[in-house]
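J.: Output the structure for:
(one chain, ligands or ions: 2)
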Amino acid sequence: MIGAAGGRRFLSSSSGAGWKRKSALLDRATQAGYGAEAAVMRDQEKEPYRFRKALRVPAERRGIEILNDPLYNKGTGFEEGERDRLGLRGLVPPAVLTMEQQLLKIMAAVRALPDDLSKHTYLTDLHDRNATLFHRVVVRHIEELAPLIYTPTVGRACQLFETMFRRPRGMYFTRNDVGHMAAMTANWPAKDVRVVVVTDGSRILGLGDLGSNGMGIPIGKLALYCAAGGIAPHRVLPVVVDVGTDNRELLEDPFYLGVREPRLTGDEYFAVVDEFVRAIYARWPDVLVQFEDFSSRVAKPLLDRYRDHRLCFNDDVQGTGATVVAGALAALRLQEQHLRDQTIVVCGAGSAGVGCANALYDAVVRGGGLSRDQAALNFHILDEKGLIARDGGDDWDDLTRDQQFFGSDFKHPNLVRGTSLVRVIETVKPTMLLGLTTVRGLFDREVVDAFSANCPLPRPILMPLSNPTANAEATAKQVYEWTDGKAIFASGSPFDPVTLDDGRTLVPSQCNNFFIFPGLGLGATLAKATRVSDAMLHAASLACAAAVTQQELDRGQVFPSVSRIRDVSKAVALAVIRAARDEGLNRLAPLPRDLDAYVTSKMYYPFYVPLYQSPYGS
Ligand SMILES: O=C([O-])CC(=O)C(=O)O
Ligand SMILES: [Mg+2]
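T.: Residues are numbered from 1 along each chain as shown. Ligands and ions are numbered 1, 2, ... in the order given. Below is the predicted model of the structure:
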């Protein structure tokens, strides 16, 4: 595979000398025939990149086979010399397009399509035939394309996965593969996988159990790892661990592509995941495994099983948690407030809700000034029955230890098990209200009015985080209209800016874990960290919050604009590497003196390099 690249050079943007070297190399690049690319890099992107002189294609791969490999294919982008060298003459149309021309063509085609699902399909096809161009297009137009290749459109794509299926991507490890998984990893062609995103399909976004059709999620997450986090496409592996499904419709659907059996549970379930985990780390010992969209029943138990001795994290529990902390810190910076003084109500006691509460609690304790017990009193968590509290209920023992943690010690007659959301709000007067329930419209007028009327902050902080858009607890328009534009709004799925009757236009933030996971993965793998610690996650939150510019804050945004996501990922990666070093978890030691330049140099940037045929094989 790729990796047998010729002499590599990289460039840094961090110092004057770096820029000089960069200019010199760009000049050489221009002379070497990269004119358009070099100009684009210099004038439009200012994107430091790794300059690869050439890439060797395995000798056995020629002509059509190169066109059929999305990692090598350039379509009409093959230059004349390459067409001769690689046996392509006559196999592609005569015109030679620059990457820029191809990009314009792709964007025109995407924009001409009538709906988001068709656009998703078009982009998936591009991904399948020319990965370099796909990622270039995504990098350049991330704000427009992230909602198409990722949340929210990816949710619909998962629901329709079987009918939309064209070409496999990633790997499936099923309950029927027990005993074979270690051998199966050898079927994946890439030697150097750095990041695996795995789901068991049991809780895809807020859409429930979609079984094997959940594959769309690891694929979408990893597309962002490449475009936003600078991990090269041949270093990522999307996975479904298919233990069956409890979705009756899928079980009865003749076209369902997964294992048509009820889900495994208990020890049998954990044995399958254990074997998968052992197999993955046996083939790729330094890989980072991101657990994604596992149901609350298993998400935390799996995390606890592996987190101390494997490089892994759960994106919904820890990634979303770290993202919410980042948003909270930025929202408080805007109002010159401290996190320790906030009263926080979290709706939803699944793994994501509890994960967010835990991450915020951890941030309060790290911030100092409150004892652990005092800090816990600032949190109130509700599940579908209402407030979680020890008093007044008979289901205390059925709750998990994590759920019980924030409900033990209220000394207020109103705060008993099952107290309604509005009553909780009127009693505790929260400053932050988070929704992780998947219940559309839960934050209705009554809730938002009560929240806004009782909130001691000038700007109440409201985060309906459930995905995709249709599951959001409230829309941006509703919240801004009901609070007269006062609320700070951040949602899991994107919403368009809202113009109020008085002419003010307000820009909602997207509080999505894509601000954390690509940079966390980049940092953790570059540091060769032995595990992902709470301190690394907290450092990621701080870096993300610090990346919000004053201009963005002034517009009411508490997350950076999505167009800057590569910069944010880099800042997150740097913070994660330093945090790993502080705890002695880095095996990349000592860290490079100019860490910034090092991370920059390691970030994949999609552009074509000349291909040569290797006489020696790959
Ligand atoms: O995928 C997303 O957009 C965020 C996420 O992890 C989820 O909702 O499960
Ligand atoms: Mg998720």
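J.: any idea how far Thr343 is from Phe406?
T.: 12 Å (C-beta to C-beta, to the nearest Å). C-beta coordinates here come from the backbone N, C-alpha and C atoms, glycine included.
J.: interface residues of the stretch 201-350 of the chain facing ligand 2?
T.: Glu292, Asp293, Asp316 (C-beta under 5 Å from the ion).
J.: sorry, back to before: list residues touching both of Phe406 and Thr343?
T.: Taking C-beta atoms under 8 Å, 6 or more residues apart in numbering as the contact rule, the neighbours common to Phe406 and Thr343 are His380.
J.: List the residues that contact Val57.
T.: Ile66, Tyr72, Leu86, Leu611, Tyr612, Gln613, Ser614.
J.: in the sheet, who's paired with it?
T.: Taking DSSP bridges as the rule, Val57 bridges to Gln613.
J.: quick revisit: who's more crowded, Phe406 and Thr343?
T.: Phe406 (24 against 19; other C-beta atoms under 10 Å).
J.: pLDDT score for that one?
T.: Phe406 carries a pLDDT value of 92.
J.: Was I right to think it contacts Ala376?
T.: Yes: between Phe406 and Ala376 a contact is recorded at 5.9 Å, counting by C-beta atoms under 8 Å.
J.: Identify the contacts common to those two.
T.: Tyr361.
J.: Could you restrict the residues of the stretch 201-350 of the chain next to ligand 2 to the ones contacting ligand 1?
T.: Asp293, Asp316 (C-beta under 6 Å from any ligand atom).
J.: With respect to Ala326, which of the residues of the stretch 201-350 of the chain next to ligand 2 is nearest?
T.: Asp316 (15.7 Å; C-beta to C-beta).
J.: what about that closest one, is that helix, strand or coil?
T.: What DSSP: H, G, I helix; E, B strand; the rest coil gives for Asp316 is helix.
J.: Let's verify the residue nearest to it when sequence neighbours are not counted: helix, strand, or coil?
T.: Using C-beta to C-beta, 6 or more residues apart in numbering and skipping residues adjacent in sequence, the residue nearest Asp316 is Ala352, 4.6 Å away. Under three-state DSSP, Ala352 falls in the helix class.
J.: where does Ala352 land on pLDDT?
T.: Ala352 carries a pLDDT score of 95 in this model.
J.: so who does Trp188 touch?
T.: Met171, Leu237, Arg283.
J.: CSV for the contacts of Val57, including pLDDT and distance to ligand 1?
T.: Below are the contacts of Val57 laid out as CSV (pLDDT from 0 to 100; distance: C-beta to the nearest ligand atom, whole Å):
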residue, pLDDT, distance to ligand 1
Ile66, 93, 34
Tyr72, 92, 30
Leu86, 92, 38
Leu611, 85, 35
Tyr612, 81, 39
Gln613, 76, 41
Ser614, 66, 39
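J.: out of those, which are buried?
T.: With burial judged by 16 or more other C-beta atoms under 10 Å, the buried subset of the contacts of Val57 is Ile66, Tyr72, Leu86, Leu611, Tyr612, Gln613.
J.: and of those, the nearest to Gly367?
T.: For those, the nearest to Gly367 is Tyr72 (49.8 Å; C-beta to C-beta).
J.: How many residues are close by Ala108?
T.: Neighbours of Ala108 (other C-beta under 10 Å): 9.
J.: ok but it is inside a helix, no?
T.: Yes: assessed by three-state DSSP, Ala108 belongs to a helix.
J.: can you give me the helices for the stretch 251-400 of the chain?
T.: With DSSP state H, counting those that start in this stretch as the criterion, the stretch 251-400 of the chain has helices at 266-283, 296-306, 320-335, 351-367, 372-376.
J.: Among those, show me which one is buried the most.
T.: Using mean count of other C-beta atoms under 10 Å, the stretch among the helices of the stretch 251-400 of the chain with the largest mean neighbour count is helix 320-335, at a mean of 26.
J.: now the angle from that one to helix 351-367?
T.: Here helix 320-335 runs at an angle of 50 degrees relative to helix 351-367 (axes from the mean of the first three to the mean of the last three C-alpha atoms, to 10 degrees).
J.: contacting residues for the residue of the stretch 1-150 of the chain found nearest ligand 2?
T.: In the stretch 1-150 of the chain, the residue that lies nearest ligand 2 is Tyr150 (10.6 Å; C-beta to the ion). By C-beta under 8 Å, 6+ apart, Tyr150 lies in contact with Gly220, Lys221, Ala223, Leu224, Phe514.
J.: Any stretches of the stretch 301-450 of the chain with poor pLDDT?
T.: 410-411 (pLDDT under 70).
J.: Could you list the residues of it in contact with ligand 1?
T.: Asp315, Asp316.
J.: for the stretch 51-200 of the chain, same thing?
T.: Near ligand 1, when you scan the stretch 51-200 of the chain using C-beta under 6 Å from any ligand atom, you find Thr151.
J.: those helices in the stretch 51-200 of the chain, which residues are they?
T.: 64-67, 80-85, 99-112, 116-129, 131-140, 142-149, 153-159, 161-164, 181-185.
J.: how about CSV for those, with distance to Ile577 added?
T.: Formatted as CSV, the helices of the stretch 51-200 of the chain follow (distance: least, C-beta to C-beta, whole Å):
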stretch, distance to Ile577
helix 64-67, 36
helix 80-85, 37
helix 99-112, 31
helix 116-129, 29
helix 131-140, 22
helix 142-149, 23
helix 153-159, 29
helix 161-164, 36
helix 181-185, 27
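J.: Among those, which comes closest to Val558?
T.: Among the helices of the stretch 51-200 of the chain, helix 142-149 sits nearest to Val558 (C-beta to C-beta), with 16.8 Å.
J.: same for that closest one, what does it pack against?
T.: If contacts are counted by 3 or more C-beta pairs under 8 Å, 6 or more residues apart in numbering; DSSP states H and E, helix 142-149 sits against helix 116-129, helix 131-140, helix 216-227, helix 565-582.
J.: Spell out which parts of the stretch 51-200 of the chain neighbour ligand 2.
T.: So far as C-beta under 5 Å from the ion goes, the stretch 51-200 of the chain does not lie against ligand 2 anywhere.
J.: Which residue does the stretch 51-200 of the chain have closest to ligand 2?
T.: Thr199 (8.1 Å).
J.: And the residue nearest to Asn176 when sequence neighbours are not counted, how close does it get to Val241?
T.: The shortest distance from Asn176 to any non-neighbouring residue, by C-beta to C-beta, 6+ apart, is to Val259 (6.7 Å). Distance, Val259 to Val241, using C-beta to C-beta: 10 Å.
J.: repeat for Val365
T.: For Val365, the distance to Val241 - C-beta to C-beta - is 34 Å.
J.: now Arg366
T.: When Arg366 is compared with Val241 (using C-beta to C-beta), they lie 34 Å apart.
J.: residues touching the residue in the chain positioned nearest to ligand 1, list them.
T.: In the chain, the residue that lies nearest ligand 1 is Thr151 (3.2 Å; C-beta to the nearest ligand atom). Residues near Thr151 by C-beta under 8 Å, 6+ apart: Leu205, Gly220, Asn467, Pro468, Gly492, Ser493, Pro494, Asn512.
J.: Including secondary structure and distance to Gly435, could these go into JSON lines?
T.: Formatted as JSON lines, the contacts of Thr151 follow (DSSP: H, G, I helix; E, B strand; the rest coil; distance: C-beta to C-beta, whole Å):
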{"residue": "Leu205", "secondary structure": "coil", "distance to Gly435": "14"}
{"residue": "Gly220", "secondary structure": "helix", "distance to Gly435": "22"}
{"residue": "Asn467", "secondary structure": "coil", "distance to Gly435": "11"}
{"residue": "Pro468", "secondary structure": "coil", "distance to Gly435": "14"}
{"residue": "Gly492", "secondary structure": "coil", "distance to Gly435": "9"}
{"residue": "Ser493", "secondary structure": "coil", "distance to Gly435": "12"}
{"residue": "Pro494", "secondary structure": "coil", "distance to Gly435": "16"}
{"residue": "Asn512", "secondary structure": "coil", "distance to Gly435": "14"}
